[in-house]
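J.: got a predicted model here, sequence first, then my questions.
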Amino acid sequence: MAERIPRVPVREQDPKVRAHNFDEVCYGYNLEEATTEASRCLHCKNPRCVGACPVSIKIPEFIAKVKEGDIDGAAAVIAEDSSLPAVCGRVCPQETQCEGSCILGVKGEPVAIGKLERFVADHASSPERKETFSNSRKVAVIGSGPAGLACASDLAKWGYDVTIFEALHKAGGVLEYGIPEFRLPKEKVLKREIDAVRKLGVKIETDVIIGRTVTIDSLIDDEGFEAIFVGTGAGLPKFMGIPGENLNGVFSANEFLTRNNLMKAFREDYMTPIHAGRKCCVIGGGNVAMDAARTALRLGADTSIIYRRTEVELPARKEEVHHAKEEGIDFRMLTNPVEIIGDENGWVKALRCIRMELGEPDESGRRSPVPIPGSEFEIPTETVIMALGTAPNPLIVNTTDGLEATRRGGLVADEEGRTTREGIFAGGDAVTGAATVILAMGAGRKAAKAIDEYLKNK
Amino acid sequence: MFKILKREMLTPNICKMVVSAPRIAKAARPGQFLIVLPGEEGERIPLTISDYDRKEGTVTIVTQLVGASSAAIIAKEEGEFFRDVVGPLGNSSAFVNMDREALEGQRYIFIAGGLGTAPVYPQAKWLHDRGIAVDVIIGARTKDLLIYTEELGSACDNLYLCTDDGSSGFHGVGTACLEKLVSEGKEYTQAVAIGPMIMMKFATLTCRKLRIPIDVSLNMLMVDGTGMCGACRVTVAGKTRFACVDGPEFNGYDVDFDEAMRRLGQYKAEEAAEKAKYIK
């Protein structure tokens, strides 16, 4: 067999330099790199990558177009299934999805599907606004995050009159407030993709909090919406419940990241205050913990990640962990905070932790960490950021009759997104609790299908 | 974009604005707040709703010049726009959700301090319109800083003015005025204090002494106002609560005011630097 071309590495900003700026870490492929990488695809008869993609992008088909140098053609293939390719090419966990199931990965390196998707999205010319047939039937989508954008895009393509209601002052949900600029540039990438959704005819009304400004019932009764999709995500921060959590200098990752991403605290021309301190400890091991730590580092704090299991169990993407390490984030594994200690003015002074060891596997199959008695120690720090996961906001459940939620706060919905009340659908983190961008998009698309079916039979 | 229809300086530092926001006006209830973002580079600033007019589709906000962000609000002229106004946020005052029977026979006393006087207005008016007994105490440092005296005069049974320097009304702070009223035989079944944190702390101490239940409205730091950021955490009855979604009004007896005051100062250093940049 002929010698295989190795996976084309992607160019990145020097870790020493990028530790001090908010510019994007990864530069992405150029045309030559992309066509070379595309030529590695075997175009399997039964492409496992497509099955592993939550929105079933026709991966070998778009890669074939890249290989021919037909970038707009590749973009058109992707657009059939995804409205946010520039986002997904950057933030999807490809290693466990498309790339994780690539046949080339068995013996070597899988095709860099994510990087190719990003290349296509970044370099294709924006499609003209298509005149779409309108059936004048109104659907409201609540939340402009990945689930809502995906659902709204499909419905708009099928002729529905779709309005997205967003509680914050900018559209994008977690893509706007949660994911930092250095992983997902807002103006250059996110805004462009949201504008493309608008071009499909989707209206986005910001500053509307469903459950406060208006209710779901008033949208149905007074504003003529025939179906509702709830894609409100999981926005409520969790805290540990340890002493000292209300000291000054303890922040939720949501607050810290929202101040920096949505409110642009890192920019001189914005008024938003942010406080990273000279030394910062981030508690947690997910992508949000990595984002918070790398943000604190860029704001000038010597930053540690505190996680109670080992590096193997870190839920964050490998690439993010690798980038964080390159940039100089200190990883303290098998360490669990037990108390935050304050100074005489009520500001954080130290984090008291206990060392852990791995015990028996728990119900999730991961070995559960067990404290080692008598191993408490202190890490001096000025700030503590809690990145322990988030839960869905109860506002809509509390203000809408007939909607049921699980004990963990997620809306009760079936596989297609039908909730316990007719005409109301839901998907993404609002149902599952915090998960990934692409799973939310997949759920949004499934719900769009269910809404279409529901309205056709109504 | 939200148009500023009227703008009036109530004192050299306090500005009242009537803003077009039909959706908020339609949904607002006494006790709730909203968030204003003056322009793209500004902050999201929580302000208690000082009035709303469902027919006109307007809300009234009152702002005091303290830092760069409040300066950005006040700098706007009549006819200009705020980039964003979002709300109503938080829960309405407890009495709004009480049934008629429970309200009958209640005697309310509001203790308003400084800027907190404005949001007392829709609350007192709501009760007064329904024939519930309401008295209001307004406190300020000096006569010229008393605001909303005319509006509140017609929204309660008895209005008491207090100034620290004795230039108008009772010579002393609002809590001293309340003690005097009670000693003269006034009886109240419920107090509500809105004003600076330190004032609400002392109002609570006084009410505890007088055995009057008290609610206080906590103006904590916030980003989104919907429960997302947790910046507004406050300890109430030993538990961490979010002022934005669990409040903003809480039973004063249960609030850890010292922690709340400390948390309000969390961005003091950053804010001072910002203020120096914008206000010269």
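T.: Done, it's in.
J.: need the residues that contact the worst-scoring helix or strand of chain B on mean pLDDT.
T.: Within chain B, no helix or strand scores below helix B:268-278, which has a mean of 77 by mean pLDDT, DSSP states H and E. Under the criterion C-beta atoms under 8 Å, 6 or more residues apart in numbering or on different chains, residues A:271, A:273-275, B:67-69, B:71-72 lie in contact with helix B:268-278. In short, each C-beta sits where N, CA and C put it, glycine included.
J.: just the residues you listed: which are in helices?
T.: Counted as lying in helices by DSSP state H, out of the contacts of helix B:268-278, are B:68-69, B:71-72.
J.: circling back: who wins for neighbours among the contacts of helix B:268-278?
T.: In terms of neighbours by other C-beta atoms under 10 Å in any protein chain shown, these top out with A:M271 at 25 neighbours.
J.: ok now stretch A:120-129, how far from the chain's centre?
T.: Distance, stretch centre to chain centre, for stretch A:120-129: 22 Å (C-alpha atoms, centre = their mean, to the nearest Å).
J.: in the chain, where is pLDDT below threshold?
T.: Picked chain A for this. Counting by pLDDT under 70, chain A contains low-confidence ranges at A:1-3, A:127-132.
J.: should've been chain B
T.: Low-confidence segments of chain B (pLDDT under 70): B:277-280.
J.: quick one, helices of chain B?
T.: B:22-27, B:68-74, B:100-103, B:117-129, B:149-153, B:174-183, B:197-210, B:243-246, B:257-264, B:268-278.
J.: list the buried residues in the fourth one.
T.: I take that to be helix B:117-129. Neighbour-count burial for helix B:117-129, counted by 16 or more other C-beta atoms under 10 Å in any protein chain shown, picks out B:117-128.
J.: now those residues in TSV, with distance to B:L161?
T.: Below are the buried residues of helix B:117-129 laid out as TSV (distance: C-beta to C-beta, whole Å):
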residue	distance to B:L161
B:T117	10
B:A118	15
B:P119	18
B:V120	13
B:Y121	15
B:P122	20
B:Q123	18
B:A124	14
B:K125	18
B:W126	22
B:L127	20
B:H128	18
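J.: of those, closest to A:P146?
T.: Taking C-beta to C-beta as the measure, A:P146 lies nearest B:P119 of these, at 37.6 Å.
J.: now do the same contact list for that closest one.
T.: By C-beta under 8 Å, 6+ apart, B:P119 lies in contact with B:31, B:33, B:48-50, B:62, B:194, B:217.
J.: buried members of the residues you listed into PyMOL, please.
T.: The command below creates a PyMOL selection of those among the contacts of B:P119 that count as buried (16+ other C-beta under 10 Å):
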select buried, chain B and resi 31+33+48+49+50+62+194+217
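J.: tell me which of the contacts of B:P119 is nearest to chain A?
T.: B:F33 (10.7 Å; C-beta to the nearest C-beta).
J.: just the contacts of B:P119: which are in strands?
T.: Members of the contacts of B:P119 lying in strands (criterion: DSSP state E): B:33, B:48, B:62, B:194, B:217.
J.: now the two most distant members of the contacts of B:P119.
T.: Pairwise distances across those (C-beta to C-beta) peak at 15.1 Å, for the pair B:G31 and B:V62.
J.: any idea what B:A112 is bridged to?
T.: B:I138, B:I194 (DSSP bridges).
J.: what is the neighbour count of it?
T.: Around B:A112 there are 30 other residues, counting by other C-beta under 10 Å.
J.: for it, list the residues it contacts.
T.: If you count contacts by C-beta under 8 Å, 6+ apart, B:A112 has them with B:120, B:136-139, B:148, B:152, B:174, B:193-195.
J.: name the nearest of the contacts of helix B:268-278 relative to B:K55.
T.: Looking across the contacts of helix B:268-278 and measuring by C-beta to C-beta, the closest to B:K55 is B:A72, at 29.6 Å.
J.: correct me, but that closest one touches B:G42?
T.: Yes: if you go by C-beta atoms under 8 Å, B:A72 and B:G42 touch, sitting 5.0 Å apart.
J.: and what about A:D452, helix, strand or coil?
T.: State at A:D452, reduced to three classes by DSSP: H, G, I helix; E, B strand; the rest coil: helix.
J.: could I get the contacting residues of the closest residue in space to it that isn't next to it in sequence?
T.: Leaving aside its sequence neighbours, A:D452 sits nearest to A:W158 (C-beta to C-beta, 6 or more residues apart in numbering or on different chains; 5.8 Å). Shown here is A:W158, whose contacts under the criterion C-beta under 8 Å, 6+ apart are A:135, A:448, A:452.
J.: show me which of the residues you listed are buried.
T.: The neighbour-count criterion (16+ other C-beta under 10 Å) marks A:448, A:452 among these as buried.
J.: what is the helix or strand where A:K449 lies packed up against?
T.: Element membership for A:K449, per DSSP states H and E: helix A:437-456. Packing contacts for helix A:437-456, counted by 3 or more C-beta pairs under 8 Å, 6 or more residues apart in numbering or on different chains; DSSP states H and E, involve helix A:85-91, helix A:146-157, strand A:227-230, strand A:424-426, helix A:429-432.
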